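Chemist: Turn this into a model:
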Amino acid sequence: MDNVRAINPGRGPWSETVCVTAELAKQWLGANTLNRDVRRSRVKSYARDMAAGRWLFNTQGIEFATDGTLINGQHRLMAIIESGVGGGTMVVWVNVPTETRSGIDLGGLTLGTGIAVN
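Modeler: Predicted structure coming up:
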């Protein structure tokens, strides 16, 4: 998993748990070309929790599409850098179909029309 951009297109989605350091977070954010605008308040909140030791392992991780693009996790990665303590262990998904991005964490209540309400 050292270089998530070296993805095997013949293999389906897979994951592993990774100890995500600030250095790794910076590297992975380089693949962040399709995400929505950053919510600084969310980054600050996550970073405070990480710095205070309140960030717990969960299934909300980092996801990379089949082309190596970061499609989920930009706020967590930015918080890891900002916290100065790293993010601990996270689930990292690789080879996720790019089209799944349209349904990931829309940031608010989603209506049946596909419109996100914040």
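Chemist: From now on I want contacts and neighbour counts done on CA atoms only, so please keep to that.
Modeler: Fine.
Chemist: Asp49 versus Ala31, what's the distance?
Modeler: The span separating Ala31 from Asp49 equals 25 Å under the rule Cα to Cα, to the nearest Å.
Chemist: in the protein, which spans are helices?
Modeler: For the chain, the helices defined by DSSP state H occupy 22-29, 40-51, 74-83.
Chemist: Could you export the ones you listed as JSON lines, including mean neighbour count, distance to Glu99 and mean pLDDT?
Modeler: As requested, the helices of the chain are arranged in JSON lines below (neighbours: other Cα atoms under 10 Å; distance: least, Cα to Cα, whole Å; pLDDT from 0 to 100):
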{"stretch": "helix 22-29", "mean neighbour count": "17", "distance to Glu99": "19", "mean pLDDT": "94"}
{"stretch": "helix 40-51", "mean neighbour count": "18", "distance to Glu99": "24", "mean pLDDT": "95"}
{"stretch": "helix 74-83", "mean neighbour count": "23", "distance to Glu99": "17", "mean pLDDT": "95"}
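Chemist: among those helices, which is nearest Thr66?
Modeler: When the helices of the chain are ranked by proximity to Thr66, the top entry is helix 22-29, at 14.4 Å, counting by Cα to Cα.
Chemist: Report the distance from that closest one to the chain centre.
Modeler: When C-alpha coordinates are averaged (Cα atoms, centre = their mean, to the nearest Å), helix 22-29 and its chain have centres 11 Å apart.
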